[in-house]
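Asker: Requesting a structural model of the entry that follows:
(chains A and B)
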Amino acid sequence: MGRGKKICKQVAVLLLVVAIFAAFNGAMYAFLTGRLANNFSDTSQAKMVDVGKYLPHEEASDLAKIHTDFSMTGDLPVLDGAAALVPVYASVIHSVYPEGSVTYEGGHFSDENYYGENFAPDSKMQYQNTVRGYKAVVDGTVDVLFCAGPSQDQIAYAEEQGVELVYVPIGLKAFVFFVNGKNPVDGLTTEQIRQIYEGNITNWSEVGGPNRVINPVSRLEGSGSQTMMEAFMGEREIGAKSPMALFGGSIGFSFRYYMDGIVENGKVKMLSLNGVYPSAENIQNGSYPVIAQFYAIYRADNDNENIPLLIEWLLSEEGQTLIEECGYVGLN
Amino acid sequence: MKDRNFLKVLLIVTVLCVILTVAHAVYAVDAYDRSSIIEFIAREPW
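Answerer: Here you go, the predicted model:
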């Protein structure tokens, strides 16, 4: 073979090898890597709750305010909570705490600081979200945590630390399932969703959709959503999924308020459950089937005298009205 | 180039491609756990 032809053939082989790996990585990027947005990336910061929009006593803040004779003085409890409940506890502070009790510092998300340096250490409003917030209320750095129910690990951590937590239900929120906006499936039954997450239903064609693998996506262990999902599954285990599911059509879950009110993303859509869409009306009238309590949580041995006063107010007509004005459903 | 040298070059290129692919996969698996679920589903190809 002529030398030139031999070299051409060798270069072609090298290029073919590179092309095969490039194609494989390109497919991985298209189906996986390119869809990942870390919680602290610039893209996702805009999609996470922006506490800067919920600062108490700021005119531009998007908070509910109740005119009440009740006000907090003295040793003000430090409030913290889940992302979806920031508007609630920020509105509580806005309504009953004195001005100057919250110091917001903004901050930058980074590998070492997932939530940014939002508030000064002595601020009566903090935002650490569910996982860190539970630890903080057990450790005593937060007085009252606004959150969904605890995970088994969070219960175990409190027990290990010898801490008894008090869980006071203060409102209701809807747990929703969502898919990509282009997925033709608009609704599922609760049994179908359980079977999907168990791994018994694996293709959208089994539930009236296209012939495409279902990718049931789960959340971070210990997060409010994941804990709620485990409660939704009951005794049934969330099954392992095939690696090929990553290339399928995904289904995920969250709390409705976080989906609709805080994360405005028209590229996903919420599913009807048992024929009922999670509209505000259907949540209020109780027809939407998956509704959970959220709580004000504090240490039983916390002797701050303002805590029982705050809890009593939250359960009062005024407090429940404030919770409903934040977009949730009161206990009644 | 001589066959022996070509095979060395081919091996080096292949190993580099494998290393980069594995690094890509490791990053993807790690980032998946910390990713926004809503963004992940919103960007899904349909």
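Asker: Can you give me the buried ones in the longest helix seen in chain A?
Answerer: In chain A, with assignment by DSSP state H, the single longest helix is helix A:3-31. For helix A:3-31, the neighbour count (16 or more other C-beta atoms under 10 Å in any protein chain shown) marks A:10, A:14, A:21, A:25, A:28, A:31 as buried. Placement of C-beta: from N, CA and C, glycine included.
Asker: Was I right to think the last one contacts residue A:247?
Answerer: Which is residue A:31. Yes. At 4.8 Å, residue A:31 counts as touching residue A:247 under the criterion of C-beta atoms under 8 Å.
Asker: now the nearest residue to residue A:182 once chain neighbours are set aside: how far from residue A:173?
Answerer: Leaving aside its sequence neighbours, residue A:182 sits nearest to residue B:46 (C-beta to C-beta, 6 or more residues apart in numbering or on different chains; 3.9 Å). Here the criterion is C-beta to C-beta, to the nearest Å. By it, residue B:46 lies 29 Å from residue A:173.
Asker: Could you list which of the buried residues of helix A:3-31 also contact chain B?
Answerer: Filtering these for proximity to chain B (criterion: C-beta under 8 Å from any C-beta of the partner chain) leaves A:10, A:14, A:21, A:25, A:28, A:31.
Asker: Ramachandran coordinates for residue A:80?
Answerer: Backbone dihedrals for residue A:80, given as degrees, to the nearest 10, come out at phi -150, psi 170.
Asker: from the ones next to chain B among the buried residues of helix A:3-31, which single one is nearest chain B?
Answerer: Of all those, residue A:21 has the smallest distance to chain B: 3.9 Å, by C-beta to the nearest C-beta.
Asker: would you list the buried residues of helix A:3-31 in JSON lines and tack on pLDDT?
Answerer: Output for the buried residues of helix A:3-31, formatted as JSON lines (pLDDT from 0 to 100):
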{"residue": "A:10", "pLDDT": "94"}
{"residue": "A:14", "pLDDT": "95"}
{"residue": "A:21", "pLDDT": "97"}
{"residue": "A:25", "pLDDT": "96"}
{"residue": "A:28", "pLDDT": "90"}
{"residue": "A:31", "pLDDT": "86"}
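Asker: so where do the strands sit in the chain?
Answerer: The chain I'm using is chain A. Ranges of strands in chain A, per DSSP state E, are A:79-81, A:144-147, A:165-180, A:187-188, A:214-216, A:249-255, A:268-270, A:272-273, A:291-299.
Asker: Name the helix or strand for the residue positioned nearest the centre of chain B, please.
Answerer: Residue closest to the average C-alpha location in chain B (C-alpha atoms, centre = their mean): residue B:21, at 2.0 Å. For residue B:21, the host element (DSSP states H and E) is helix B:3-33.
Asker: Return the list of helices and strands in contact with the least confident helix or strand in chain B by mean pLDDT.
Answerer: When each helix and strand of chain B is scored by mean pLDDT, DSSP states H and E, helix B:37-42 comes last, with a mean of 85. If contacts are counted by 3 or more C-beta pairs under 8 Å, 6 or more residues apart in numbering or on different chains; DSSP states H and E, helix B:37-42 sits against strand A:165-180, strand A:249-255, strand A:268-270.
Asker: Which neighbouring elements make contact with the second one?
Answerer: Other elements packing on strand A:249-255 under the criterion 3+ C-beta pairs under 8 Å, 6+ apart are strand A:165-180, strand A:214-216, helix A:224-233, helix B:37-42.
Asker: Walk me through which strands the shortest one pairs with, and which way each runs.
Answerer: In other words, strand A:214-216. Looking at strand A:214-216 with DSSP bridges, its partner strands are strand A:249-255 (parallel).
Asker: In the partner strand, which residues are buried?
Answerer: Neighbour-count burial for strand A:249-255, counted by 16+ other C-beta under 10 Å, picks out A:249, A:250, A:251, A:252, A:253, A:254, A:255.
Asker: what about it, distance to the chain center?
Answerer: Counting by C-alpha atoms, centre = their mean, to the nearest Å, strand A:249-255 is centred 11 Å from the centre of its parent chain.
Asker: now do stretch A:266-273
Answerer: Centroid separation for stretch A:266-273 versus its chain: 16 Å, with C-alpha atoms, centre = their mean.
Asker: That stretch and chain B, are they touching?
Answerer: Yes. Contact of stretch A:266-273 with chain B (C-beta under 8 Å from any C-beta) involves A:267, A:268.
Asker: can you dump the C-alpha coordinates of that stretch into CSV?
Answerer: C-alpha atoms of stretch A:266-273 as CSV (Å, rounded to 0.1, in the frame of the first residue of the first chain):
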residue,chain,number,x,y,z
GLY,A,266,-43.7,26.5,32.0
LYS,A,267,-41.6,23.7,30.7
VAL,A,268,-43.0,21.3,33.3
LYS,A,269,-46.6,20.5,34.1
MET,A,270,-48.3,19.1,37.2
LEU,A,271,-50.3,15.9,36.8
SER,A,272,-53.9,15.4,37.9
LEU,A,273,-54.2,12.7,40.5
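Asker: neighbouring contacts of that stretch?
Answerer: Contact partners of stretch A:266-273, identified using C-beta atoms under 8 Å, 6 or more residues apart in numbering or on different chains, comprise A:176-181, A:183, A:185-190, A:193, A:251-252, A:256, A:259-260, A:277-278, A:288-290, B:38, B:41-43.
Asker: With stretch A:80-88 instead?
Answerer: With C-beta under 8 Å, 6+ apart as the test, stretch A:80-88 has contacts from A:48-49, A:51, A:54, A:62-64, A:89, A:125-130, A:133, A:136-137, A:142, A:144-148, A:171, A:173, A:224, A:255, A:257-258, A:261-262, A:294, A:322-323, A:326-328.
Asker: Quickly note the distance from residue A:196 to residue B:35.
Answerer: Distance, residue A:196 to residue B:35, by C-beta to C-beta: 20 Å.
Asker: and what of residue A:197?
Answerer: For residue A:197, the distance to residue B:35 equals 19 Å [C-beta to C-beta].
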